[in-house]
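Engineer: got a sequence here, can you model it:
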Amino acid sequence: MRSKDYGDDVLAGDWRRPRKGMIPEIEAEDGLVAEDPDSGFCGAVVGCDKFGVTLEDRFGKRRVFPLTKAGFLIDGKPVTLVRPTASPAPGTGTAGRPR
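Structural biologist: Numbers count the residues shown, from 1 in each chain. Coordinates of the predicted model:
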């Protein structure tokens, strides 16, 4: 009996492209745990710059990965990691500044 949920080859196709919708873009903030599906390396984000994101595994080993579209897994789902946006530091706004 053949299930109609699956095609002829369940492993065919690009698993990084979801069937519906877009791949979410997640900011690579410190402490976020991500996995590189190509190498299987899994670790927490410890740094991010214009060249890539640095992950550190539980043994303290660090590796740098490029920020590619759908290049990482979070909770088993493909995501695109992006550089965090710079937020203003507390107390640097113009609301409390005397005139």
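Engineer: wait, residue 29 sits on residue 86?
Structural biologist: No. Between residue 29 and residue 86 there is no contact under Cβ atoms under 8 Å: 11.9 Å. Heads up, the C-betas are built off the backbone N, CA and C, glycines and all.
Engineer: neighbour count: these two, which is higher?
Structural biologist: residue 29 (10 against 6; other Cβ atoms under 10 Å).
Engineer: give the contact list for the more buried one.
Structural biologist: Shown in contact with residue 29 (Cβ atoms under 8 Å, 6 or more residues apart in numbering): 45, 84.
Engineer: check which helix or strand covers it.
Structural biologist: In this assignment (DSSP states H and E), residue 29 forms part of neither any helix nor any strand.
Engineer: now do it, the pLDDT please.
Structural biologist: Predicted confidence (pLDDT) for residue 29: 95.
Engineer: swap in the one 5 residues further on?
Structural biologist: Note for residue 34: predicted pLDDT of 97.
Engineer: and it, what element?
Structural biologist: Counting by DSSP H and E, residue 34 is found in strand 33-35.
Engineer: pull out the buried positions in the helix or strand following that strand.
Structural biologist: Downstream of strand 33-35, the next assigned helix or strand under DSSP H and E is strand 42-48. By 16 or more other Cβ atoms under 10 Å, the buried positions in strand 42-48 come out as 43, 45, 48.
Engineer: just checking: what are the partner strands of strand 42-48?
Structural biologist: strand 33-35 (antiparallel), strand 53-56 (antiparallel) (DSSP bridges).
Engineer: deepest in the core, which of those strands is it.
Structural biologist: strand 53-56 (a mean of 20; mean count of other Cβ atoms under 10 Å).
Engineer: pLDDT on it, on average?
Structural biologist: Mean predicted confidence for strand 53-56 is 97.
Engineer: run through who's touching that strand.
Structural biologist: By Cβ under 8 Å, 6+ apart, strand 53-56 touches 28, 34, 36, 41-48, 62-65, 67, 81.
Engineer: reformat the buried residues of strand 42-48 as a markdown table; add pLDDT.
Structural biologist: Below are the buried residues of strand 42-48 laid out as a markdown table (pLDDT from 0 to 100):
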| residue | pLDDT |
| --- | --- |
| 43 | 97 |
| 45 | 97 |
| 48 | 94 |
